[in-house]
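A.B. asks: Only the shape, not the letters, is given here:
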Ligand code: ARG
């Protein structure tokens, strides 16, 4: 169900009838003022300019041909050639009836699903996950769920940083701990600490750095003992990440991990091919691609090193190999990668080189979706008071503690079990929504107070709207939300009802925008607007008051039910849970 699309088709047909070229864009958009109707078609102006004719006359012709019988109650010409469309309340009601019956609440399932590889989260396993990984993890997961909800086939790829020189230092340190009879789980209980200890030894302890370097070489050449230590380290570190995923209600599983190390065997082939195709050249002992397409203003090409002079491979080499794996083995139609904006240059370079080398056919989309940083109140990157990185686990625990205090304050009678469940949903939801609702590419300021507020665009506000609807159902005689007869007829009478109907019917459009641009903030806005419209509706349109006709009551209850379903589904795409009472 997509009103915009229906209107596009209708207006396009009228444009063709009026003699316009078949590819004329009808340019349908939502009207921003009620007096301009619900939707506008603004395409005539552009077309008239191209044809050098009078736009108003052209618009008149288009309107004459426009058949919106049963769909629109009024079509008006405005200004130089805008076409304002007022939708018919009965038509809206009929659409809502369909949507209410639909498992996907009006979001049509893709007729030809795409295979989309989504690369997200991807923490570096040498350390604990910190706040910087929050964004990739939750933005990526929301986009994944939106794609799946629309019917695409998603292959999650957690490109974990599980390889590289620092692992030599870490396994050398681990090996000493184990020799001292410590068990790996205890030694690695605090990865941050472990990393710090190893680094201090590396920098200060005589001979340790040499051992660490030797261990990297051994690891890379397949030494069994080193491989075993590395595997132990990786397994425990992955377990730490999994605890966070569970806490965050993120859908990543162990099977989705395809870390950097998984590409090892392919890296020399990647280099051989780049050399054979003369895409890479030897430069001061290293293998380099000079990318002319990305030359600076002095005409110097961008330099992309694919193999170090000592023969070592890089992050870049791995990503080239990943391109080939994803478009080849995984048969991706589209690849989306979520990392912070500092990696934008890297992915531009990867794409150009991979396309040249044939690792990434033109038919496969490659989309790096960068995001900005999470900042502290001082406007500087979010850090602990002493300047350390904030561990994600600690941040999430704090969110739950804060939510718990808030819920208890609002509802002092609440029992401990309920309090625990609700605080987790509210606390985690608040952190996620605050992040997901920001424009992806900008930095944002992390603020406990605003994200946990029950007013404004926050998770608690939306969760509260949902539970308020549920409480109406528990009050309504004999009917729980799901017990309400699903064929109750929705009538659209009041302006608040119409506004809600229009909003409810925009879900597919919003999901599509989230999917195509990798922007869950659009869904956040949508849900916030929906909840706000519900609040105004609730004020203006009594439901259970004495004297309300049964038909009106049932219609409004059915509308409430659809709103609740949409809120729940929308929040579910964001990985945020709702509750009946809070
Ligand atoms: N591990 C990297 C980091 O923490 C992110 C990896 C993103 N994906 C990729 N294919 N390079 O910065």
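C.D. replies: Perfect, thanks for sending it. Bear in mind the structure is a predicted one, so any value in this text is a computation, not a measurement. Numbers count the residues shown, from 1 in each chain.
A.B. asks: okay, now residue 180: neighbour count?
C.D. replies: A count of neighbours around residue 180, defined by other Cβ atoms under 10 Å, yields 8. Glycine gets a C-beta too; all of them are placed from N, C-alpha and C.
A.B. asks: typo on my end, residue 560
C.D. replies: Count around residue 560 with other Cβ under 10 Å applied: 23.
A.B. asks: Can you tell me the SS state at the closest residue to it other than its chain neighbours?
C.D. replies: Leaving aside its sequence neighbours, residue 560 sits nearest to residue 469 (Cβ to Cβ, 6 or more residues apart in numbering; 5.0 Å). Following DSSP: H, G, I helix; E, B strand; the rest coil, we place residue 469 in the helix state.
A.B. asks: can you pull the contacts of residue 469?
C.D. replies: 481, 534, 560-561, 563-564, 567 (Cβ atoms under 8 Å, 6 or more residues apart in numbering).
A.B. asks: distance of it from the ligand?
C.D. replies: Separation of residue 469 from the ligand (Cβ to the nearest ligand atom, to the nearest Å) stands at 40 Å.
A.B. asks: Looking at that residue now. What's its pLDDT?
C.D. replies: Reported pLDDT at residue 469 in the predicted model: 95.
A.B. asks: from now on call the first residue 13
C.D. replies: Sure thing, new numbering starts at 13, so read that last one as residue 481.
A.B. asks: Next up, the contacts around residue 368.
C.D. replies: By Cβ under 8 Å, 6+ apart, the residues touching residue 368 are 289, 291.
A.B. asks: One more pass at 7 Å, please.
C.D. replies: residue 291 (Cβ atoms under 7 Å, 6 or more residues apart in numbering).
A.B. asks: count of residues packed around the closest residue to the ligand within the stretch 463-594 of the chain?
C.D. replies: Closest residue of the stretch 463-594 of the chain to the ligand, Cβ to the nearest ligand atom: residue 530 (13.9 Å). By other Cβ under 10 Å, 24 other residues sit near residue 530.
A.B. asks: now, which of the contacts of residue 481 sits nearest residue 500?
C.D. replies: Nearest to residue 500 out of the contacts of residue 481 is residue 573 (Cβ to Cβ; 8.3 Å).
A.B. asks: hmm, back to that, for the residue of the stretch 463-594 of the chain closest to the ligand, which non-adjacent residue is spatially closest?
C.D. replies: residue 381 (3.8 Å).
A.B. asks: May I have the secondary structure class of that neighbour?
C.D. replies: Put simply, residue 381 is strand when judged by three-state DSSP.
A.B. asks: pLDDT score for it?
C.D. replies: Listed pLDDT for residue 381 reads 98.
A.B. asks: now swap in the one 5 residues further on and tell me
C.D. replies: Turning to residue 386, the model gives it a pLDDT of 91.
A.B. asks: Tell me what it is bridged to.
C.D. replies: residue 456 (DSSP bridges).
A.B. asks: how far away is it from the ligand?
C.D. replies: 14 Å.
A.B. asks: quick one, phi psi at the residue of the stretch 463-594 of the chain closest to the ligand?
C.D. replies: When read as degrees, to the nearest 10, the backbone of residue 530 gives phi 70, psi 50.
A.B. asks: before we move on, what about residue 200?
C.D. replies: phi -100, psi 20.
A.B. asks: Now the residue nearest to it when sequence neighbours are not counted: which helix or strand?
C.D. replies: Nearest residue to residue 200 in three dimensions, chain neighbours excluded: residue 248, at 4.5 Å (Cβ to Cβ, 6+ apart). Per DSSP states H and E, residue 248 falls inside helix 236-260.
A.B. asks: What is that helix packed up against?
C.D. replies: When contacts are defined as 3 or more Cβ pairs under 7 Å, 6 or more residues apart in numbering; DSSP states H and E, helix 236-260 packs onto helix 178-191, helix 196-199, helix 220-232, helix 404-422.
A.B. asks: What lies in contact with that helix?
C.D. replies: Residues from elsewhere that reach helix 236-260 (Cβ under 7 Å, 6+ apart): 135, 137, 140-141, 149-150, 174, 179, 182-183, 186-187, 196-197, 200, 203, 227, 230-231, 264, 266, 269, 404-405, 408, 440, 587.
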